[in-house]
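Novice: My questions are about this predicted structure, shown below with the sequence.
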Amino acid sequence: MDCRFISRADKNTVRGVESIWSCIFRYRLPNGIPVMDWQHRIVSDPAILVGKPVIRGTRIAVEFLIELLAEGWSTEEILTSYPQLTGEDIQAALHYATDVLKHERVFPLPV
């Protein structure tokens, strides 16, 4: 199924709901636990925060959310302070950061 083409009518049916969840949680760990597909929630647009990755439909950068979590903010505190966000947005930010770090390459420099 191509997740970009879920119609509004599909969203109102049980089949549509299952399709949406299969798109959001497209990947699974080896033990079968679903993993969020962050690409539906994180976007990068040069016109928004100079292209930094943000939560779709907001100007809230992934970097900012990760910093709040690192400073000890709970998910509940973030959601209370930024009601336009959902718990899934915070999870998507963490999955995005994980994917970025997984693909980071470090090359030793001769000294």
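Specialist: Good, I have the coordinates.
Novice: Going by neighbour count, list what's buried in the top helix by length along the chain.
Specialist: Criterion DSSP state H: the longest helix present in the chain is helix 87-102. Residues 89-93, 95-97 are the ones in helix 87-102 that count as buried (16 or more other C-beta atoms under 10 Å). For every residue, glycine as well, the C-beta is placed using N, CA and C.
Novice: Any stretches of this structure with poor pLDDT?
Specialist: Scanning the chain for pLDDT under 70 picks out 1-36.
Novice: which residues of this protein fall in helices?
Specialist: Using DSSP H, helices in the chain cover 8-11, 14-24, 62-70, 75-81, 87-102.
Novice: Name the residues that touch the longest helix of the chain?
Specialist: Helix 87-102 has contacts (C-beta atoms under 8 Å, 6 or more residues apart in numbering) with 24, 35-36, 38, 40-42, 53, 55, 62, 65-66, 69, 75, 78-79.
Novice: List only buried entries from these.
Specialist: Buried, going by 16+ other C-beta under 10 Å: 24, 36, 38, 40-42, 53, 55, 62, 65, 69, 78-79, out of those.
Novice: export the residues you listed to JSON lines and tack on distance to residue 107?
Specialist: Shown next, in JSON lines, are the buried ones among the contacts of helix 87-102 (distance: C-beta to C-beta, whole Å):
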{"residue": "24", "distance to residue 107": "35"}
{"residue": "36", "distance to residue 107": "30"}
{"residue": "38", "distance to residue 107": "27"}
{"residue": "40", "distance to residue 107": "32"}
{"residue": "41", "distance to residue 107": "31"}
{"residue": "42", "distance to residue 107": "27"}
{"residue": "53", "distance to residue 107": "24"}
{"residue": "55", "distance to residue 107": "32"}
{"residue": "62", "distance to residue 107": "25"}
{"residue": "65", "distance to residue 107": "29"}
{"residue": "69", "distance to residue 107": "29"}
{"residue": "78", "distance to residue 107": "35"}
{"residue": "79", "distance to residue 107": "39"}
